[in-house]
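Participant: Sequence first, then the predicted structure, then my questions.
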Amino acid sequence: MLDKKNPEDEPRQKRSFIREKVVKQPLTRRQILFRAGCVILAAAACGAAAGTMFAVVSPVAQRYLGQESTEESTAITIPRDEPESSASQESPPEVVPSKPEQTEESVVDSESFEEQVQEIIANYKYTTGDFASVYAGLRDVVAEADHGIVTVHSVKHGLDWFDNPVETSGLYAGAVIGSTPQDYLILTPDGAVENADSIKVTFADGSEVDGTIRQTDQVSGMAMVSVRAEMLNESTANSLSLIPLGNSYSVRQGDPVIAVGAPGGIVHSSAYGFISYIMKNVQVPDGMTRLLLADICGDAPTGTFLLNLNGQMIGWVTDDYERDQLTNLTTAMAISDYKTILEKLSNGIAAPYLGVRGQEVSTAMEENGMPAGVYVADCIQNGPVYNAGIQNGDVIVKIGEKNILSMKDYENQLEALHQGDTVTVTVQRKSVNEYKELEYQVNVGAR
């Protein structure tokens with residue numbers, strides 16, 4: 001008899017089992033929407049927490065780590081002055097009311113009154129107090145303007161003869177002429193920033209902060225420096241006064257003027273004087289200007305600014321136009337002719353430059369056969385038009401697609417250009433018997 005095997009006696013590994021896989025039930029639409037909502041709420045909560053943390057930490061990090069704010073600077077706009085507007089700024093003619101019919105008695109009283117006034121003036125003895133009262137108003141203007149005068153330190157690093165590191169610093173006067181929520185704008189001689197490794201600005205109360213070069217203009221010899229508003233403490237900001245820009249077209253011969261900045265060669269010095277003469281239609285690179293001649297001391301390299309009696313800046317002293325016969329007078333560039341340039345410098349934009357000293361063709365010149373346009377009296381050496389091939393004696397008749405009939409047309413068209421642009425300049429050049437039209441491609445430079 002055969003014995004039957006007991007299944008329990010077989011090795012455990014040889015036994016067969018039924019294996020089952022547990023599969024989850026698929027999510028319903030309601031469950032899916034619920035879970036998606038939870039994820040969205042969790043993400044929103046994390047985002048809000050991160051935003052709050054960034055808003056709290058960012059100002060502290062910028063303050064201590066010196067990070068620049070990503071906020072864009074506010075654009076600066078400087079209103080232009082028109083030469084014709086100077087007439088409207090003069091006092092309007094006084095309207096004299098019709099006089100009532102004078103009787104013999106009224107005539108006698110009028111003559112008696114005038115005699116009494118003349119007698120009082122003749123017998124009045126002026127004192128030092130009267131003299132001081134006359135200048136009290138001028139002192140007030142100087143005191144107010146001095147709060148807008150700063151000292152610009154030009155720091156340069158180098159090596160001495162023994163290769164030891166040395167640091168040199170120049171001191172220049174600057175005038176705070178504008179501000180935005182982010183910056184204060186300072187006009188100063190271009191020598192203050194030339195080859196400078198760093199710029200320091202000292203305000204009237206003695207506080208010193210870092211400055212940044214916005215832009216320079218070698219033609220006018222001036223530069224624009226900016227200072228971050230957040231770097232000034234509350235006391236300095238409250239004591240600071242901006243020097244407003246005036247209208248130099250309204251200046252007349254004999255007007256009193258005030259020099260601030262560094263007329264004595266020392267920052268925060270001042271002087272008084274009068275406008276002795278106004279030179280109009282002076283040829284300068286790419287335009288015409290006025291020069292104000294005053295019997296007042298002024299130091300151009302260090303920085304001297306002329307103010308009218310309202311404390312408005314009407315110009316700055318320059319040495320570029322000195323003349324032998326005017327050795328006793330100080331020459332200043334009139335500000336109204338440079339407001340377009342100052343606006344570009346304030347916004348950090350290089351002023352466009354072609355390098356032409358010229359004048360518009362007069363009626364008499366046209367009668368002699370010269371075409372209408374701007375006569376090129378001088379192509380400044382190594383300037384854009386000089387390098388393009390334009391010559392002295394050419395007549396510029398078109399810039400781009402714009403016809404040029406006057407210096408105003410020339411200046412307006414130049415203002416629309418930018419450094420680096422390539423523009424077609426059309427000229428008329430005199431040949432043996434006639435003028436011939438030529439076109440040149442000019443690369444616009446920077447002043």
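Facilitator: That came through, no problem.
Participant: Next, count neighbours for Val317.
Facilitator: 27 (other Cβ atoms under 10 Å). C-betas here are computed from N, CA, C, even on glycine.
Participant: ok, it touching Cys297?
Facilitator: No - using Cβ atoms under 8 Å, Val317 makes no contact with Cys297, being 9.2 Å away.
Participant: Not including adjacent chain positions, what is the nearest residue to Pro244?
Facilitator: Leaving out its chain neighbours, the residue that sits closest to Pro244 by Cβ to Cβ, 6 or more residues apart in numbering is Gln312, at 4.9 Å.
Participant: Common neighbours of Val317 and Cys297, please.
Facilitator: Residues touching both Val317 and Cys297 (Cβ atoms under 8 Å, 6 or more residues apart in numbering) are 259, 263, 330.
Participant: Quick check: which ranges of the stretch 301-447 of the chain have low pLDDT?
Facilitator: 322-327 (pLDDT under 70).
Participant: now the helices: where do they sit in it?
Facilitator: Using DSSP state H, counting those that start in this stretch, the helices found in the stretch 301-447 of the chain span residues 339-346, 363-367, 384-388, 407-415.
Participant: Of those helices, give the one that comes closest to Val397.
Facilitator: With Cβ to Cβ, the closest approach to Val397 among these belongs to helix 407-415: 10.1 Å.
Participant: how distant is the closest one from the center of its chain?
Facilitator: 20 Å (Cα atoms, centre = their mean, to the nearest Å).
Participant: which secondary structure elements does that helix contact?
Facilitator: Judged by 3 or more Cβ pairs under 8 Å, 6 or more residues apart in numbering; DSSP states H and E, helix 407-415 is in contact with strand 287-294, strand 356-360, strand 374-379, strand 395-399, strand 402-403.
Participant: Tell me which of the ones you listed sits nearest to Asn238.
Facilitator: The closest of the helices and strands packed on helix 407-415 to Asn238 is strand 287-294. By Cβ to Cβ, the value is 33.1 Å.
Participant: Ile404: what's it in contact with?
Facilitator: Counting by Cβ under 8 Å, 6+ apart, Ile404 makes contact with 373-374, 396-398, 410, 413.
Participant: possible to save those residues as TSV with neighbour count?
Facilitator: Formatted as TSV, those follow (neighbours: other Cβ atoms under 10 Å):
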residue	neighbour count
Gly373	24
Val374	24
Ile396	26
Val397	19
Lys398	19
Tyr410	23
Gln413	21
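Participant: Return the closest of those residues with respect to Tyr440.
Facilitator: Ile396 (9.9 Å).
Participant: Was I right to think the closest one contacts Arg429?
Facilitator: No - assessed by Cβ under 8 Å, Ile396 is found out of contact with Arg429, at 10.6 Å.
Participant: my read: the residue nearest to Pro244 touches Ser248, true?
Facilitator: No - using Cβ under 8 Å, Gln312 makes no contact with Ser248, being 9.4 Å away.
Participant: And the two? Which one has more around it.
Facilitator: Comparing Gln312 with Ser248 by neighbour count (other Cβ under 10 Å), the higher total belongs to Ser248, at 27 against 18.
Participant: Could you measure from that one over to Val257?
Facilitator: Going from Ser248 to Val257 by Cβ to Cβ, to the nearest Å gives 11 Å.
Participant: Need the overlap of contacts for the two.
Facilitator: Common contact partners of Ser248 and Val257 (Cβ under 8 Å, 6+ apart): 292, 314.
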